[in-house]
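here is the input, now give the coordinates:
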Amino acid sequence: MEESILKREDHDTSSSGYFSGTSDESTMRNKKTTRFSEEEEVMEITLDIRDNNATIQDIRSIEDDSTDLEGSTRSGGKLVSKLRKVTRLAGLRSSSIRLGGQTAPKTRMRRLDRSKSAAAGALQRMHFVTQNVTDGWPAVEKRFEKLAVDGVLIRSRFGKCIGMDGSDEFAVQMFDSLARRRGITKQVLTKEEFREFWEQLSDQEFDSRLRTFFDMVDKNDDGRISKEEVKEIITLSASANKLSKILDRADEYSALIMEELDPDELGYIEIEDLESLLLHPTGSATASNNTQTQSSKLSRLLSQNLVPSKDTSSFGRISRGLSYFIEDNWKRMWVMALWVCICAGLFAWKFVQYKNRAVFHIMGYCVCVAKGGAETLKFNMALILLPVCRNTVTWIRSKTKLGAIVPFNDNINFHKVIAAGIAIGVFLHVVTHLTCDFPRLLHATAEQYEPIKKFFGDKKPPNYWWFVEGTEGWTGITMLVIMILAYILAQPWFRRNRLKNTNPLKKWTGFNAFWFTHHLFVVVYALLVVHGVCLYLSKKWYKKTTWMYLAVPVMLYATERIIRAFRSHDAVKIQKVAMYKGDVLALFMSKPHGFRYRSGQYIFVNCKSVSPYEWHPFSITSAPGDDYLSVHIRTRGDWTSRLRTIFSEACKPPTGDESGLLRADFSKGQASSRFPKLLIDGPYGAPAQDYCEYDVLLLIGLGIGATPLISIVKDVLNHIQKGGEEGSSGHKKPFMTKRAYFYWVTREEGSFDWFRGIMNEVAEKDRDGVIELHNHCSSVYQEGDVRSALILMLQELHHAKKGVDVVSGTSVKTHFGRPNWRSVFKHVAVHHPDQRVGVFYCGEPVLVKELRQQSQDFTHKTSTKFEFHKENF
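Residues are numbered from 1 along each chain as shown. Predicted coordinates:
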């Protein structure tokens, strides 16, 4: 009700303000009376005020000394609006309406907590202005000028103008409620009208926000919300947040809200009921607040340490950044330095050696550079095999202490670095031969040629073709062509088949092209040995060192391939298959005899029905203590798509409480012959396998990247159940982990079905709270955004009543939006001072930089030491 409607009568007896009456400070009780006039009607209202609660004692008309409260309430809700205005101006809230000891039909006596903390918490749940609109009216005004047509803003552009992009339907609903409140029926707004809308949406008062939200739901403007209106706003909110599960169960959830807020079954709820839902925190929230209170002092001290340094000098910033870089990369640095020194030493040795030989006087420094490049090439061709000897690397990192100084996690990256070194060596060797020393040899005089006859023959080579047709020539050119082809197809752009469908080269790229060209290395190594034996300038066998470089690495790699071939000979038995949303296939297999692994490791999977040659790596999602082996495979390419198609043909829709879109379960007595045979190879080491060496774990998974971390969570749980015995993975290292935090961020609500059983199992069995689970659905707008406000209320209500989250379908409540990683690290640092925290991230590279920076910052500025490990898919 606007202020202008309420008119205070001159015969009020109060000395000041809107109320008159006496006050007793000792009892904190006041009876205050005031009168209102609207047109011809004058009413007197008496309030009984105790602390922060106001009860209406009497309402009567001055003309006839009586009033029909029930009838007044039905007549458009005007009287209720006046009472609300009175109590708001008094800084109070009426929690009940009484008349001469009798109660109006809605007989709920509530004492709502309107304390500062409660109101502030409620305010945080409902922001009509999104966080990306922070410049206030000037920025919005510019956007209005840009979007307006002939000076007015059309209804469909309202959401974009206020910064609510991507939720046009929700924004239109807001537009309609604001227009309805002002009696606007047109579909456009002038700048003045739009500014009124903006000022109401950006109002920071709790009552204003509550009224705005209530008006959105109350479409017929009768001051009451029916079940159908609740269902409509649930449907609208679920659509805006892409929550199909809530959308499908809108009837059930609207009935739940009505059951909670309308226990008298009157068929409607009022604004006070909606307010109670906002102001009453859930038990979990209260517990969280208590925890925050207990650690608030330490948190404040920590915040002071985490204030960014005000050092403005370039030297200070550079030195600090350099120290961070060295601390994070010292293992890589010393390995790279050693590799560069060896390559430089070999190059220099050959360079000096050929500078002192007779050919130098004809070919000059060209032959020195060519031979120096060839020496580094031989060394790198031998070295490049070692990082891909997966069994050897896994054994070394698991059985020795070398992992403390050698970055085994970067084995594939080092493989790529060596490939770059090979490319440099090939360039130096080939280019200097073809463009420098061979031309100089062809143009040498007879006198100059005389000292090198013993290398090239009595007759001087007549032309370039002489070099090409020789064994040294054609072997070198063939190797060069294969290397270039393999190098190009190994690039992510081609290996992941990112070319457009219209590109004619698309069918020649992809994993198959990468796999086959890479396996031409057998030909390359055979040609390299031949090329190294048939040298022009070295005739003695012990100076032909190519085979010496290659002998041990090639034998080691060959042994690895033989072991892998024998180990992967027998097919595993399929026990269960499940298809999930997000194109995820879950395979549960029998564990091969003697198969031992650690959580965080991975296996290679081969399906001959898809391709007899392709082996693809997948993280193990089962725990070492489980009696089965499981992997979760996301469809991202041709091979995984065909695998999913083959298995889906043998599955059927789930029944009962089973999860997934399609399933197939087999008991021990059943056969799974209709499934294709799978071969596995492994396990192999991964960054996450060393989790048990840390006091505290911070596990962060992005999408399907949660797979290796889920295995760790299950292993920690198994260890807890065994009461501190040796880890269930069977390793001899002590199990140091006493606390684990798991953060899973995914875009789709259906993703939570992947590990729903594990989440519920952890929540049920982890009675000591060792494992803290945090699910984040990034498709839902951040907590505090009005578009997710009702979803949050529904989530808390449903979880409090039934113990199940409405988004994930598990007992673990889902957070909305992405985590604030600085707050996450701060939370861990506050609760675990002077401890080592292993931060394990698995997923897309997008978060690597931020998580590494947070780990460095909190390590340097707190007593907690964070050690960051990553695994990118």
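
gap between L629 and C842?
Taken as Cβ to Cβ, to the nearest Å, the spacing of L629 relative to C842 amounts to 19 Å. Using the backbone N, CA and C atoms, a C-beta is placed for each residue, glycine as well.

quick one, which of those two is more surrounded?
Set L629 next to C842 and count neighbours by other Cβ atoms under 10 Å: C842 wins out with 25 against 22.

what stretches of the stretch 301-450 of the chain score poorly on pLDDT?
For the stretch 301-450 of the chain, the stretches flagged by pLDDT under 70 are 301-313.

show me the helices in it, by range?
Secondary structure of the stretch 301-450 of the chain, counting by DSSP state H, counting those that start in this stretch: helices at 314-355, 360-363, 365-383, 390-399, 411-432, 438-442, 446-449.

so which of those helices gets nearest V770?
helix 390-399 (25.0 Å; Cβ to Cβ).

list the helices and strands the closest one packs on?
Counting contacts by 3 or more Cβ pairs under 8 Å, 6 or more residues apart in numbering; DSSP states H and E, the secondary-structure elements packed against helix 390-399 are helix 546-567, strand 678-684.

which one of these lies closest to M258?
Smallest distance to M258 across the helices and strands packed on helix 390-399 (Cβ to Cβ): 50.6 Å, for strand 678-684.

what is that closest one packed up against?
Counting contacts by 3+ Cβ pairs under 8 Å, 6+ apart, strand 678-684 is packed against helix 390-399, strand 584-590, strand 602-607.

and with 6 Å instead?
With contacts defined as 3 or more Cβ pairs under 6 Å, 6 or more residues apart in numbering; DSSP states H and E, strand 678-684 has these neighbours: strand 602-607.

between the strand it packs on and helix 546-567, how big is the angle?
Interaxial angle of strand 602-607 relative to helix 546-567 (axes from the mean of the first three to the mean of the last three Cα atoms, to 10 degrees): 70 degrees.

what lines up beside strand 602-607 in the sheet?
strand 616-619 (antiparallel), strand 678-684 (antiparallel) (DSSP bridges).

and of the helices of the stretch 301-450 of the chain, who's closest to H799?
helix 314-355 (39.8 Å).

and stretch 481-494, how far out from the chain's middle?
31 Å (Cα atoms, centre = their mean, to the nearest Å).

hang on, I meant stretch 616-627
Distance of stretch 616-627 from its chain centroid, counting by Cα atoms, centre = their mean, is 21 Å.

swap in stretch 525-533?
Centre to centre, stretch against its chain (Cα atoms, centre = their mean), the figure for stretch 525-533 is 48 Å.

just the CA atoms of it, as CSV, please.
Extracted in CSV, the C-alpha atoms of stretch 525-533 (Å, rounded to 0.1, in the frame of the first residue of the first chain):
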residue,chain,number,x,y,z
TYR,A,525,63.9,-48.0,-35.7
ALA,A,526,64.8,-50.7,-38.1
LEU,A,527,65.7,-48.1,-40.7
LEU,A,528,67.6,-46.1,-38.1
VAL,A,529,69.9,-49.1,-37.4
VAL,A,530,70.5,-49.7,-41.1
HIS,A,531,71.1,-46.0,-41.6
GLY,A,532,73.6,-45.9,-38.7
VAL,A,533,75.5,-49.0,-40.0
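
pLDDT of it, averaged?
Per-residue pLDDT values over stretch 525-533 give a mean of 90.

could you do stretch 196-204 as well?
Mean predicted confidence for stretch 196-204 is 82.

now it: buried residues?
F197, W198, Q200, L201, S202 (16 or more other Cβ atoms under 10 Å).

could you do stretch 758-772 as well?
Taking 16+ other Cβ under 10 Å as the criterion, stretch 758-772 shows I758, M759, N760, E761, V762, D766, I771, E772 as buried.

which of those fall in strands?
I771, E772 (DSSP state E).

returning to what we had before: tell me which of the strands paired with strand 602-607 sits nearest to E375.
strand 678-684 (32.5 Å).

relative to helix 390-399, how tilted is that closest one?
Put simply, strand 678-684 runs at 40 degrees to helix 390-399, going by the same axes, to 10 degrees.

what mean pLDDT would you report for strand 678-684?
Within the predicted structure, the mean pLDDT of strand 678-684 is 87.

right, and the helix or strand after it?
Once the chain leaves strand 678-684, the next helix or strand it forms, by DSSP states H and E, is strand 696-702.

CA atoms only for that next one, dumped as CSV, please.
What follows is the C-alpha trace of strand 696-702 in CSV, where atoms were taken according to Å, rounded to 0.1, in the frame of the first residue of the first chain:
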residue,chain,number,x,y,z
VAL,A,696,44.3,-34.6,4.5
LEU,A,697,43.0,-35.0,1.0
LEU,A,698,41.3,-32.3,-1.1
LEU,A,699,39.9,-34.2,-4.1
ILE,A,700,38.5,-32.1,-7.0
GLY,A,701,36.8,-33.7,-10.0
LEU,A,702,35.4,-31.9,-13.0
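
now do that strand: distance to the chain's middle.
Its chain's C-alpha centre lies 11 Å from the corresponding centre of strand 696-702 when counted by Cα atoms, centre = their mean.

list the helices and strands it packs on?
strand 739-746, strand 836-843.

neighbouring strands for the first one, and are they parallel or not?
The sheet places strand 739-746 alongside strand 696-702 (parallel), strand 771-777 (parallel), with pairing taken from DSSP bridges.

where do the helices sit along the stretch 651-800 of the chain?
Using DSSP H, counting those that start in this stretch, helices in the stretch 651-800 of the chain cover 707-721, 756-765, 789-802.

so of the helices of the stretch 301-450 of the chain, which one's packed in deepest?
Ranked by average neighbour count under the criterion mean count of other Cβ atoms under 10 Å, those are headed by helix 365-383 at a mean of 23.

tell me which other helices or strands it touches.
Helix 365-383 sits against helix 314-355, helix 411-432, helix 546-567, with contacts defined as 3+ Cβ pairs under 6 Å, 6+ apart.

contacts for the last one next, please.
Outside helix 546-567, the residues that touch it by Cβ atoms under 6 Å, 6 or more residues apart in numbering are K378, A382, L385, L386, C389, N391, V529, G532, D681.

could you redo the last one with a cut-off of 8 Å?
Contact with helix 546-567 is made by 378-379, 381-383, 385-386, 388-392, 525, 528-529, 531-533, 681, as judged by Cβ atoms under 8 Å, 6 or more residues apart in numbering.

may I see the buried residues of it?
By neighbour count, with 16+ other Cβ under 10 Å as the criterion, the buried positions of helix 546-567 are T546, Y549, L550, P553, V554, Y557, E560, R564, R567.

and the buried residues of stretch 758-772, which is closest to I342?
When those are compared for distance to I342, the smallest value, 45.7 Å, is given by I771; criterion: Cβ to Cβ.

ok, what's across the strand from that closest one?
Here I771 sits in beta bridges with A740, as judged by DSSP bridges.

so it touches D715, yeah?
No - contact between I771 and D715 fails when scored by Cβ atoms under 8 Å: they sit 10.7 Å apart.

rewinding a little: how about the buried residues of stretch 758-772 in TSV, adding pLDDT and distance to L587?
Conversion of the buried residues of stretch 758-772 to TSV gives the following (pLDDT from 0 to 100; distance: Cβ to Cβ, whole Å):
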residue	pLDDT	distance to L587
I758	87	16
M759	87	20
N760	87	21
E761	86	19
V762	86	22
D766	82	26
I771	90	25
E772	90	29
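
all good on my end, thank you.
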